[in-house]
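> What follows is a predicted protein model with its sequence.
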Amino acid sequence: MKKYAYIGCLGFIAVITTEFGVIGILPQIAEHYQIGIDKAGWLLSAFALIIALTGPFMTLLMSGFDRKKMMLTAIAIFLFTAVVSAMSPPFWLLMLVRILPAFLQPVYIATALSVAVSDADQKQANKLMGIVFIGVALAMVTTVPFATWLASVWIWESSFIVQGIVSTVALAVIYLLLPPMPVQEKKSYKSQLTILTKPTFVISTAMNFFMITAWFSTYSYFADYLNKAKGMDGTMVSYMLFLFGIIGVFSNWIAGKMLSWNVSKTTALFLSGTVIMPFLLYFSGDSLSANIISIAVWGFLYSPSFQNASTYMISSVPDSLEFANSLATSFGNLGVTLGTTLGGWMIVAKGASYNPWIGLVFGTLAFLMIVLRSILEKRAAKEKIIIPCP
């Protein structure tokens, strides 16, 4: 039902605002705590690492619980995190409360998607999943840039205040509008784990990992990159985040429709940005107009990345939506961790301007995985053809 998809979308806005809301304020956090930008980046990468390590297990563990209660619990923890973070605690405590919601983030995403596509056919399911994933783009166009702008004109803690407000709204909507949803039939752990033995799913998982690593080697340091490589101040960076998000909303809508047509070709189209963007950002130089165009293209090609990655993985095992999506979330966040770590290392070692070239390397690896899966699927299709007797 579309109603459930939109509710899931709102919760997704809270999730993304919390996870990626720190991107625009990493330089301010580094300055406040007197640490390097690479260490501040762990506020993002540690969050993602917890998701990567625990996501599938938490999803399996919670798969038998009422879906409404699981969504409420997850968002409540996100709210708690925002409240404590807004108090500018010691860095170790800030890091600790940052990773708490990471344990339930993949559970929320998998549950929200499952609720959205309940009783929908495959073609309709992709559109409904697209509505949920639009939450990513909406967060990028509203809450994330607003939090970054507010932090630039007031205090960096205001970014967490915005996160708390969004989580409160999501919590209220889920509580008031979503009916109780007990799980009628819980799948056995063994039946869900069998997808790990399917070569096409394993390859799709590797594609997800490489693609997200490629994007986040630069995007994790969006503010720092635009400041150091392009000479933009905090206010201009918030405007660029806004542009990035505006384009992203449209991009996610387009991707949702295209995925219903062809999952592999749609994924490859948007993945091409990992190869195109290093050159666009390099040749745009210090020209403001050229950089605005480059960032618009960047936002268009990047924004559906999680939607494309999840749909690409699920398309190889359509009967295991929740567990497959938790693995997509897990390996996607492992990609966030590696991309953020490599990006931070590159900034310290060489400079922010080199970060997009990391994306080129991992983007190429992701393309190779798409080609390999296509070869395996064509081979499997040929083996199923029965040659008639003469």
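Looks like it came in fine.

> and the helix or strand harbouring Thr148, what other elements does it pack with?
Per DSSP states H and E: Thr148 is located in helix 143-153. The contact analysis (3 or more C-beta pairs under 8 Å, 6 or more residues apart in numbering; DSSP states H and E) places helix 143-153 against helix 2-20, helix 158-177, helix 234-261. Every C-beta, even on glycine, is put in place using the N, C-alpha and C of the backbone.

> Report the rounded mean pLDDT for it.
Regarding helix 143-153, the rounded mean pLDDT is 81.

> what do you get for stretch 337-349?
In this model, stretch 337-349 has a mean pLDDT of 87.

> can you check stretch 256-263 too?
So the average pLDDT for stretch 256-263 ends up being 83.

> What residues of it count as buried?
Buried residues in stretch 256-263, counted by 16 or more other C-beta atoms under 10 Å: 256, 258-260, 263.

> could those residues be laid out in JSON lines, adding distance to Ile203?
As requested, the buried residues of stretch 256-263 are exported to JSON lines (distance: C-beta to C-beta, whole Å):
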{"residue": "Gly256", "distance to Ile203": "24"}
{"residue": "Met258", "distance to Ile203": "21"}
{"residue": "Leu259", "distance to Ile203": "18"}
{"residue": "Ser260", "distance to Ile203": "22"}
{"residue": "Val263", "distance to Ile203": "14"}
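
> Just the buried positions in stretch 100-119, please.
Using 16+ other C-beta under 10 Å as the test for burial, stretch 100-119 gives 101-117.

> what residue ranges in the stretch 251-390 of the chain are flagged as low confidence?
Low-confidence segments of the stretch 251-390 of the chain (pLDDT under 70): 318-322, 384-390.

> Phe244: how many residues sit nearby?
A total of 24 residues lie near Phe244 under the criterion other C-beta atoms under 10 Å.

> again with Met70
Neighbour count for Met70, taken as other C-beta under 10 Å: 22.

> How about Leu176?
Leu176 has 8 nearby residues by other C-beta under 10 Å.

> repeat for Ser287
When neighbours are defined as other C-beta under 10 Å, Ser287 has 12 of them.

> Same check on Ile195?
Look at Ile195: counted by other C-beta under 10 Å, it has 20 neighbours.

> mind listing what it touches?
By C-beta atoms under 8 Å, 6 or more residues apart in numbering, Ile195 lies in contact with 201, 317, 320, 323-324, 327.
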